[in-house]
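with the input below, show me the fold.
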Amino acid sequence: MFKSIAKKKIYDNSSLSFVFEFFTPLNKREAAAKFARALGKKMKWFTDVDSDFEPTYESFKIAPIYSNGYKEISLSTGFMPYQEAVHMFLKTMNIIEAIGYTTNRCSVKTRIRLDEKELNLPVTIDKLNRFKYLLGINEAELFKLWPAQENENRKIYQDHLAFLQPRDPYNTVVTEGFVERMNPMEFKFPESDFFANDFSELNTGALAINYIGGKDYTKKKKEAVDAINLVIEHLYSTLCENYIYSPEERKKIRDIVNEMRMSIDGTRNYFNFKMLYPNVSVYVDLRADNRLIEANYGIRRRRNH
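I've put the predicted structure just below:
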């Protein structure tokens with residue numbers, strides 16, 4: 001399951017839940033019966049994609065996914081201790097292979113929780129410094145295990161940090177200290193399941209990841225477990241030093257600050273914009289009149305931010 005016995009305590013105090021997406025010719029009642037027998041769990045199945053039922057340790061959930069295509073369904077589990085969860089994860093992948101298939105539309109959402117008290121962590125997951133987490137995660141390795149799909153139906157955005165921006169960029173002095181704090185009152189920090197790391201459930205004590213998926217994802221069992229393990233260990237190490245930055249991380253922060261300053265200064269007025277983006281044409285009412293564009297530039301800039 002995991003390679004380092006020295007990190008056994010981390011895994012012993014981790015728990016996971018999953019949402020599997022897949023296609024099957026079976027109806028939901030038949031699929032639920034197959035999974036119940038193989039997994040030894042109760043299976044509640046629904047015809048409504050918006051069912052309010054939340055899966056538990058004892059009872060899992062099967063529901064349709066209408067947005068991705070006919071006959072696609074999801075299997076959602078409750079949280080389980082790491083060892084049991086990985087065992088259940090691998091068994092579920094085998095069953096999906098036996099009764100159905102996956103395409104580039106399909107993915108597996110994995111939610112991760114840590115027992116902060118048993119691990120003696122200084123902060124809880126809901127206080128995770130998302131900025132430090134993203135600075136240090138080995139996303140190159142994760143996307144090597146799970147290359148981003150060239151498919152608009154399953155679009156996972158890479159480089160989450162590139163989407164950060166100050167809430168009031170043109171009236172803010174961007175410094176390294178300002179960026180390090182990453183105060184949500186001062187920064188827009190996008191949260192979406194279109195990112196490989198989904199922070200929208202941190203307030204429930206869980207980090208969600210969306211790396212695993214794509215055509216035949218059920219055949220990449222080792223890669224799936226490796227990705228989950230990499231994130232668990234990185235989440236733990238981030239929480240251990242939530243606002244302590246390494247020299248390498250500080251170098252990345254300097255690069256981010258320089259790029260952010262260049263972007264803000266380069267779009268501060270129309271003259272700067274033309275200098276920074278000479279190949280971009282701007283029109284107002286289909287007219288390339290510089291005076292007209294300059295008169296309207298500030299209005300358009302505010303709307304875009």
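
what's the local residue count around Pro147?
Residues lying near Pro147 (other Cβ atoms under 10 Å) number 11. C-beta coordinates here come from the backbone N, C-alpha and C atoms, glycine included.

would you agree it falls within a helix?
No - assigned with DSSP: H, G, I helix; E, B strand; the rest coil, Pro147 falls outside any helix and is coil.

how close does the nearest residue to it once chain neighbours are set aside sit to Lys221?
Spatial nearest neighbour of Pro147, chain neighbours left out: Gly214 (7.9 Å); criterion: Cβ to Cβ, 6 or more residues apart in numbering. From Gly214 across to Lys221, the span is 14 Å (Cβ to Cβ, to the nearest Å).

who has more neighbours, these two?
Gly214 (21 against 14).

how much space between that one and Phe143?
For Gly214, the distance to Phe143 (Cβ to Cβ) stands at 12 Å.

all strands for the chain, in order.
Assigned strands in the chain, in chain order: 14-23, 42-45, 59-64, 72-76, 80-81, 108-114, 165-166, 187-188, 197-198, 207-209 (criterion: DSSP state E).

ok, and what's touching the second one?
Under the contact criterion Cβ atoms under 8 Å, 6 or more residues apart in numbering, strand 42-45 has outside partners 28-29, 31-33, 35-36, 53, 55, 58-63.

where does the stretch 151-300 of the chain dip in pLDDT?
By pLDDT under 70, the low-scoring segments of the stretch 151-300 of the chain are 151-158, 192-193, 300.

got the strands of the chain as CSV, with mean neighbour count and distance to Met262 columns?
Shown next, in CSV, are the strands of the chain (neighbours: other Cβ atoms under 10 Å; distance: least, Cβ to Cβ, whole Å):
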stretch, mean neighbour count, distance to Met262
strand 14-23, 23, 39
strand 42-45, 18, 53
strand 59-64, 20, 46
strand 72-76, 21, 43
strand 80-81, 17, 47
strand 108-114, 23, 35
strand 165-166, 18, 13
strand 187-188, 14, 18
strand 197-198, 22, 26
strand 207-209, 23, 31
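
what residue is smack in the middle of this structure?
The centroid of the chain falls nearest to Asn197 when counting by Cα atoms, centre = their mean (2.0 Å).

I figured the residue nearest to Pro147 hits Tyr101, correct?
No - Gly214 is beyond contact range of Tyr101, at 11.9 Å (criterion: Cβ atoms under 8 Å).

look up how far Glu259 lies from the closest residue to Leu121 other than its chain neighbours.
Ranked by Cβ to Cβ, 6+ apart and with sequence neighbours excluded, the top spatial neighbour of Leu121 is Leu239, at 4.7 Å. Distance of Leu239 to Glu259, computed by Cβ to Cβ: 27 Å.

and Tyr243, what does it touch?
Contacts of Tyr243 by Cβ under 8 Å, 6+ apart are 129, 132, 180.

okay, now Ile232: neighbour count?
23.

could you do Asp289 as well?
12.

how near is it to Asn296?
Counting by Cβ to Cβ - Asp289 and Asn296 are separated by 10 Å.

with Ala162 instead?
27 Å.

not counting sequence-adjacent ones, nearest residue to Lys34?
Ile99 (5.7 Å).

more neighbours, Ala162 and Asn296?
The neighbour count for Ala162 versus Asn296, taken as other Cβ under 10 Å, is higher for Asn296 (15 against 10).

return the residues in contact with Asp48.
With contact set as Cβ under 8 Å, 6+ apart, Asp48 has these partners: 63-64.

equivalent analysis for Leu286, please.
Counting by Cβ under 8 Å, 6+ apart, there are no residues that Leu286 touches.

look up phi and psi at it.
phi 60, psi 20 (degrees, to the nearest 10).

where do the helices sit along the stretch 1-150 of the chain?
Ranges of helices in the stretch 1-150 of the chain, per DSSP state H, counting those that start in this stretch, are 8-12, 28-39, 82-99, 130-136, 139-145.

single out the most deeply packed of those helices.
Mean neighbour count (mean count of other Cβ atoms under 10 Å) peaks for helix 130-136 among the helices of the stretch 1-150 of the chain, with a mean of 20.

so what touches it?
160-161, 164, 179-180, 182, 189, 197, 199, 202, 234-235, 237-238, 241-243, 245-246, 249, 252-253.
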